[in-house]
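Asker: structure for this input, please:
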Amino acid sequence: MPDRRPAWAEGLDDLRAAATTEPGRLRVIGAVLALLVVVFGATTAWQVTERAAAADDVVEHSQPLTAVAAGIYRSLADADTAAAVGFLMGGEDSAAIRERYDRDIATAGELLVKASRNGRGPDGAAAQISRLSRQLPRYTGLVETARAHNRQGLPLGGAYLRYANERMRTELLPAARALYDTETDRLAADYASAEAWPWLALASGVLALGALGWAQRRHYRHTNRVFNRGLLAATAASVAMLLWLVMGHAVARGGLTESDEHGVRSLRVLHEARIDALQARGDENLTLVARGAVLTEDQQDFYEAGFRKGMKDLAGAGDHGAAAATGRLGAALALADDEAGRGPVREALTYVRQWQVRHAEARTADEKGDYDRALEQVTGADGSTGESFDRVVAGLRKALEHEQAQFRSAADDGREAFGGLPVGAGALAALAAVGAVLGIGRRLAEYR
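Answerer: Numbering: from 1, shown residues only. I've put the predicted structure just below:
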């Protein structure tokens with residue numbers, strides 16, 4: 001007795017036999033058409049859902065975490081600046097500065113907790129957060145020791161403050177910068193995922209429409225009838241789905257691109273400008289604390305060289321005129337797309353130039369041996385470099401708030417374009433599949 005053939009082989013033979021008749025061919029065509037439109041709907045829903053999730057990550061996770069990382073860096077740099085100012089002022093006059101220092105340290109700690117809680121997955125960010133959490137108490141301990149010695153009039157306080165600043169420069173700020181870079185890279189990756197074209201869905205849509213077109217042409221050649229209502233409905237649903245996919249993704253991509261070009265990029269430059277200003281202010285204060293005790297390799301005052309570099313990074317070479325295109329403020333002006341964004345940056349630049357003039361006067365006084373006058377010109381309430389610095393920071397804060405609002409508005413518009421598309425794709429795919437089956441079913445009815 002011969003071996004029985006496998007069931008799948010017999011089923012394949014039956015399918016081949018059925019396909020030799022017109023009803024059989026129609027059943028195969030109907031099944032293929034229904035499958036193609038269902039695949040089109042499924043791939044559209046899948047890929048759009050992925051892009052919508054990436055867009056949500058941009059708005060709800062990546063960009064906020066980038067801002068948190070920038071806030072950590074900014075709080076640490078400002079705390080270091082406040083520690084130096086408070087050391088210079090001493091006594092009761094430093095109470096407000098001490099409060100500012102304490103607030104910066106508390107803010108840095110809160111933001112570290114927030115970054116740790118909202119982080120996604122083990123990566124470089126976790127390592128940097130751990131490093132910051134270890135180093136921050138050591139830094140604050142050194143600052144407190146410097147203050148204790150300073151209150152007793154011991155010169156050792158200045159050495160402890162310089163050591164604290166060195167730890168800030170070599171440990172805390174590099175870790176904060178690495179955290180910021182990690183979150184910035186994650187933001188860029190989420191943007192790339194959200195903006196990527198859904199090529200698989202587009203290809204499956206073109207294939208489904210091609211098959212529907214071929215089926216209707218075949219229908220016309222066999223029956224001389226122009227329209228098959230079922231196939232026509234399936235084609236209309238598929239065209240609507242494809243157009244919705246293309247237009248919805250184009251609108252979403254446009255909104256996300258705008259949020260990146262006129263929001264995220266401006267925010268990045270403004271954050272870095274604010275950090276440059278903070279570091280320059282810290283170097284300016286430490287110039288008076290160190291009194292020339294720390295030198296560069298070419299025997300220049302280390303902190304004065306740091307101040308000049310900070311000013312160059314902030315506004316370009318020179319101490320007057322417009323910001324250079326290579327400076328942070330020049331880049332921020334170029335990226336701002338309206339006067340509401342450019343105005344605060346111009347204001348910050350005006351006070352940067354004022355700051356540079358006042359700093360030069362303070363340096364001249366210090367070099368002539370008039371330390372008290374130099375101290376007043378740096379830390380005084382009126383006409384000091386501290387006053388100019390505060391106004392620079394205020395202008396940059398205003399610009400940051402404006403660009404943050406610009407980012408949120410454009411990003412929300414972009415991600416809203418994805419709304420309803422996955423569900424709509426499923427509904428249209430089901431409609432198209434039903435239309436295809438009914439259209440072929442009507443032709444089959446003619447053979448009964």
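Asker: give me the low-pLDDT residue ranges for this structure?
Answerer: 1-21, 23-24, 90-94, 119-123, 224-226, 292, 318-323, 443-448 (pLDDT under 70).
Asker: let's go with 80 and repeat that
Answerer: 1-28, 88-96, 118-124, 153-155, 218-228, 289-299, 301, 317-326, 380-381, 439-448 (pLDDT under 80).
Asker: could you pick out the longest helix of it?
Answerer: helix 22-57 (DSSP state H).
Asker: all strands for the protein, in order.
Answerer: Using DSSP state E, no strands are assigned anywhere in the chain.
Asker: thinking again about what came up before, centre of the chain versus the longest helix of the chain, how much separation?
Answerer: Here helix 22-57 is found 33 Å from its chain centre; the criterion is Cα atoms, centre = their mean, to the nearest Å.
Asker: tell me which residues in it are buried?
Answerer: Within helix 22-57, the residues scored as buried using 16 or more other Cβ atoms under 10 Å are 24, 26-27, 29-30, 33-34, 36-45, 47-48, 50-52, 54-57. For every residue, glycine as well, the C-beta is placed using N, CA and C.
Asker: now swap in stretch 243-260 and tell me
Answerer: Those would be 244-245, 248-249, 252-253, 255-256, 258-260, for stretch 243-260 by 16+ other Cβ under 10 Å.
Asker: dump those residues to CSV, plus distance to E183.
Answerer: As requested, the buried residues of stretch 243-260 are arranged in CSV below (distance: Cβ to Cβ, whole Å):
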residue, distance to E183
W244, 34
L245, 31
G248, 28
H249, 26
A252, 23
R253, 23
G255, 22
L256, 18
E258, 21
S259, 16
D260, 15
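Asker: which strands and helices lie in contact with the longest helix of the chain?
Answerer: When contacts are defined as 3 or more Cβ pairs under 8 Å, 6 or more residues apart in numbering; DSSP states H and E, helix 22-57 packs onto helix 7-19, helix 173-195, helix 199-223, helix 229-259, helix 385-416, helix 421-445.
Asker: contact partners of stretch 341-352?
Answerer: When contacts are defined by Cβ atoms under 8 Å, 6 or more residues apart in numbering, stretch 341-352 is touched by residues 266, 270, 273, 277, 311, 314-315, 322-323, 329, 332-333, 336, 388-389, 391-392, 395-396, 398-399, 402-403, 406.
Asker: buried residues in that stretch?
Answerer: 341-342, 344-349, 351-352.
Asker: in JSON lines: those residues, plus distance to L200.
Answerer: Shown next, in JSON lines, are these (distance: Cβ to Cβ, whole Å):
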{"residue": "G341", "distance to L200": "39"}
{"residue": "R342", "distance to L200": "42"}
{"residue": "P344", "distance to L200": "45"}
{"residue": "V345", "distance to L200": "43"}
{"residue": "R346", "distance to L200": "48"}
{"residue": "E347", "distance to L200": "50"}
{"residue": "A348", "distance to L200": "47"}
{"residue": "L349", "distance to L200": "49"}
{"residue": "Y351", "distance to L200": "53"}
{"residue": "V352", "distance to L200": "51"}
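Asker: point out the ones among those that are inside helices.
Answerer: Per DSSP H, these map to helices at 341-342, 344-349, 351-352.
Asker: out of these, which comes closest to A293?
Answerer: Nearest to A293 out of these is V352 (Cβ to Cβ; 27.7 Å).
Asker: for F307, see how far away that closest one is.
Answerer: 12 Å (Cβ to Cβ, to the nearest Å).
Asker: now do R162
Answerer: 15 Å.
Asker: out of the two, which sits in the more crowded spot?
Answerer: More neighbours surround F307 than the other of R162 and F307, with 25 against 20 (other Cβ atoms under 10 Å).
Asker: which residue lies closest in space to that one, excluding its sequence neighbours?
Answerer: D283 (4.2 Å; Cβ to Cβ, 6 or more residues apart in numbering).
Asker: return the residues in contact with the one you found.
Answerer: Applying Cβ under 8 Å, 6+ apart, the residues near D283 are 303-304, 306-307, 310.
Asker: can you tell me which of those end up in helices?
Answerer: Filtering the contacts of D283 for helices - DSSP H - leaves 303-304, 306-307, 310.
Asker: of these, just say which sits nearest to W197.
Answerer: G310 (42.4 Å).
Asker: make TSV from the ones in helices among the contacts of D283 and add distance to R177 to it.
Answerer: Formatted as TSV, those follow (distance: Cβ to Cβ, whole Å):
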residue	distance to R177
Y303	20
E304	23
G306	16
F307	19
G310	15
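Asker: please check the residues you listed and keep the buried ones.
Answerer: Taking 16+ other Cβ under 10 Å as the criterion, what is buried in these is 303-304, 306-307, 310.
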